[in-house]
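1. what follows is a predicted protein model with its sequence.
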Amino acid sequence: MEYIKNKFYQKASKCINEYQKLKNEHGDKVIANVTIGQVMTGMKGVPSLITDTSKLDPNTGIRFRGYTIPELREKLPRLNPEGEPLPEGLFYLMLIGEIPDRDDVLNISKDWATRAYVPQHVFDVIDSLPLTSRPMTQFSAAILSMATDSIFQKAYRAGVHKKHYWDTTYEDVMNLIARLPRIAAYIYRRNFHNNHHIEPDPRLDWAGNLAHMMGHDTEEVKRLLRLYMVVHADHEGGNVSAHTTHLVGSALSNPYYAYAAGMLGLAGPLHGYANQEVINWIFDMIQELDNDNPSEEDIVAYTKKTLSEGRVIPGYGHAVLRQTDPRFTAQQEFAKKYIKDDKLINIVNTLHRVVPPILEATGKVKNPWPNVDAYSGSLLYYYGVKEHSFYTVLFGVSRALGVLASLVMDRLYGLPIERPSSFPLKWYHEKAGEKDGAC
Ligand code: HAX
């Protein structure tokens with residue numbers, strides 16, 4: 001499937017000169033000032049990364065190469081008219097910058113199917129971990145162990161010219177993405193289905209095959225996973241999983257290391273692990289109330305109690321967004337279309353009504369609206385994927401599409417090692433014009 005690689009190179013190589021020109025001729029141009037507030041709140045809003053795959057607008061949400069999620073759901077190729085777009089199409093769009101046609105997408109499906117072989121030692125590494133280790137630990141360890149296959153690493157050792165780094169990175173990235181469904185499904189079956197594994201079916205699309213290997217071989221779950229893989233794929237470059245992948249990759253670590261590092265960031269409760277926290281929190285509420293059909297008043301009281309304990313309400317808030325996350329809305333629309341009446345989904349919808357005003361009333365939460373994680377677990381649960389601790393692995397499989405497409409571009413542009421400056425707290429204190437600091 002060299003033609004996808006060639007198409008990428010044809011399109012993206014035009015931008016190399018643009019990058020060099022900006023670096024060489026406009027390097028002194030001031031584009032933003034940094035405030036102490038930005039440093040103290042995690043560098044929010046400081047332009048400091050180059051990411052072409054997607055851009056996040058605080059009010060309208062994510063756009064992938066300019067396209068919103070509703071536009072993607074309309075324009076990206078799908079297997080059948082009633083279904084959801086294939087994530088392969090989104091990967092093509094993020095990498096190449098054009099909406100693919102059906103053949104482009106089917107070609108990527110085929111390419112990934114031919115690259116999907118996972119070496120035995122990867123399964124051995126997973127099997128060597130205790131079942132008590134979290135699925136995300138197993139997932140990251142499996143990815144790291146696959147670095148034995150890194151073509152980039154071998155080429156670097158052999159002295160390849162830096163202008164060719166992107167080529168072997170592309171090969172690693174395609175192999176890595178192709179293998180993820182098999183690895184994720186293996187972890188799922190090992191942990192939750194007595195180690196009874198299901199062989200891949202190379203005729204299936206990437207997400208469809210994942211559903212098949214997990215043992216949820218129905219059209220409904222395949223459709224859900226296609227949507228899931230599209231909405232979680234990318235959220236511009238500054239979120240923890242994307243930024244970590246880029247940062248580690250900037251040291252020319254191989255793509256397996258870079259992505260595994262990104263996954264460890266995704267595993268944090270303020271990021272991708274929130275998709276488990278949402279469901280855990282709802283089930284804790286149901287248990288405490290001893291009622292799986294709680295009233296609005298009960299839900300309000302439980303939410304307030306959680307806040308009073310100094311905890312966050314999982315699935316709500318965002319570092320950049322200031323409106324309901326369109327990824328939440330896409331999943332809500334999916335539920336409205338396909339699910340008639342379900343107690344868990346009803347609770348999620350009630351939370352959507354009652355949580356924002358409660359968070360707003362705290363006076364400090366900048367975005368009281370739901371994010372992507374508020375809905376995803378309830379949909380998986382409804383369709384029979386009930387094992388919460390696995391949910392972040394699914395997020396991780398999807399996130400590979402965006403962060404690894406970006407890594408190929410990082411290498412094509414020849415982005416340098418990332419190295420921002422740090423200063424002691426005292427330095428900021430002095431910059432603020434304060435005299436007598438305590439430290
Ligand atoms: N519940 C309670 N308090 C919240 C809150 C929430 N959902 N969201 C923000 N806050 C609090 C913050 O903890 C912070 O409190 P302190 O001043 O006491 O430290 C204050 O409001 C201001 O925070 P913010 O500026 O609004 O939010 P941040 O940019 O610092 O953090 C988070 C963004 C997403 C981490 C935050 O909203 C949060 O913790 N949400 C709950 C966890 C969650 O759903 N994470 C997933 C986010 C989406 C994602 O990445 N998915 O992978």
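-> Sure, I can see it.
2. OK, contacts around Ala113?
-> The contact partners of Ala113, taken as CB atoms under 8 Å, 6 or more residues apart in numbering, are 178, 200, 202-204, 209. The way it works is simple: take the backbone N, C-alpha and C, and place the C-beta from them, glycine included.
3. what about 6 Å?
-> Ala113 is in contact with Pro202, counting by CB atoms under 6 Å, 6 or more residues apart in numbering.
4. list the buried residues for the helix or strand harbouring it?
-> In the assignment (DSSP states H and E), Ala113 maps to helix 102-114. Neighbour-count burial for helix 102-114, with 16 or more other CB atoms under 10 Å as criterion, is recorded at 104-109, 111-113.
5. buried residues, the helix or strand just after that helix. List them.
-> Per DSSP H and E, the first helix or strand lying C-terminal to helix 102-114 is helix 120-128. Using 16+ other CB under 10 Å as the test for burial, helix 120-128 gives 122-123, 125-126.
6. which bits of the chain sit near the ligand?
-> Near the ligand, the residues belonging to the chain are 239, 270-272, 274, 307, 312-319, 359, 364-367, 371-373 when assessed by CB under 6 Å from any ligand atom.
7. tally up the residues packed near the closest residue to Ala147 other than its chain neighbours, please.
-> Excluding the flanking residues, the one nearest Ala147 by CB to CB, 6 or more residues apart in numbering is Tyr256, at 3.8 Å. When neighbours are defined as other CB atoms under 10 Å, Tyr256 has 23 of them.
8. so where does Tyr256 fall, helix or strand?
-> Per DSSP H and E: Tyr256 is located in helix 255-266.
9. check which helices and strands that helix sits against.
-> Using 3 or more CB pairs under 6 Å, 6 or more residues apart in numbering; DSSP states H and E as the contact test, the elements touching helix 255-266 are helix 135-145, helix 165-192, helix 240-250, helix 391-413.
10. pick the most deeply packed of those.
-> Of the helices and strands packed on helix 255-266, the one with the most neighbours on average (mean count of other CB atoms under 10 Å) is helix 391-413, at a mean of 26.
11. angle of that one against helix 135-145?
-> Comparing the axes of helix 391-413 and helix 135-145 via axes from the mean of the first three to the mean of the last three CA atoms, to 10 degrees yields an angle of 30 degrees.
12. give the other helices and strands that helix 391-413 contacts.
-> When contacts are defined as 3+ CB pairs under 6 Å, 6+ apart, helix 391-413 packs onto helix 87-96, helix 135-145, helix 165-192, helix 240-250, helix 255-266, helix 274-289.
13. what angle do helix 135-145 and the longest one make with each other?
-> Note on geometry: by the same axes, to 10 degrees, helix 165-192 and helix 135-145 are set 140 degrees apart in direction.
14. quick one: distance of the next helix or strand after helix 165-192 to the chain centre.
-> Downstream of helix 165-192, the next assigned helix or strand under DSSP H and E is helix 206-214. Centre-to-centre, helix 206-214 and its host chain are 18 Å apart (CA atoms, centre = their mean, to the nearest Å).
15. just the CA coordinates of the helix or strand just after helix 206-214, formatted as CSV?
-> Scanning forward in sequence from helix 206-214 by DSSP H and E, the next helix or strand is helix 219-231. What follows is helix 219-231, C-alpha atoms only, in CSV (Å, rounded to 0.1, in the frame of the first residue of the first chain):
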residue,chain,number,x,y,z
GLU,A,219,-23.3,-5.2,14.1
GLU,A,220,-24.4,-3.0,17.0
VAL,A,221,-21.0,-3.2,18.8
LYS,A,222,-19.1,-2.8,15.6
ARG,A,223,-21.1,0.3,14.8
LEU,A,224,-20.5,1.7,18.3
LEU,A,225,-16.8,1.0,18.2
ARG,A,226,-16.4,2.7,14.8
LEU,A,227,-18.0,5.8,16.3
TYR,A,228,-15.9,5.4,19.5
MET,A,229,-12.7,5.2,17.5
VAL,A,230,-13.6,8.3,15.5
VAL,A,231,-14.5,10.6,18.3
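16. helix 219-231: which residues count as buried?
-> When burial is assessed from 16+ other CB under 10 Å, helix 219-231 yields the following buried residues: 221-231.
17. quick one: contacts for the residue in the chain that the ligand sits nearest to?
-> For the chain, the residue closest to the ligand is Gly317, as judged by CB to the nearest ligand atom, at 2.1 Å. Going by CB under 6 Å, 6+ apart, Gly317 touches 365, 367.
18. could you do the one 10 residues further on as well?
-> Residues counted as contacts of Arg327 (CB under 6 Å, 6+ apart) are 231, 372.
19. buried ones in stretch 2-12?
-> Residues of stretch 2-12 classed as buried: 4-5, 7-9, 12 (neighbour count, 16+ other CB under 10 Å).
20. swap in stretch 70-78?
-> Going by neighbour count (16+ other CB under 10 Å), the buried part of stretch 70-78 is 72-73, 76-78.
21. still on that earlier bit, got a markdown table for the helices and strands packed on helix 255-266, with distance to Gly61 and mean pLDDT too?
-> Below are the helices and strands packed on helix 255-266 laid out as a markdown table (distance: least, CB to CB, whole Å; pLDDT from 0 to 100):
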| stretch | distance to Gly61 | mean pLDDT |
| --- | --- | --- |
| helix 135-145 | 26 | 98 |
| helix 165-192 | 24 | 98 |
| helix 240-250 | 16 | 98 |
| helix 391-413 | 15 | 98 |
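22. before I go, just wanted to say thanks for your time.
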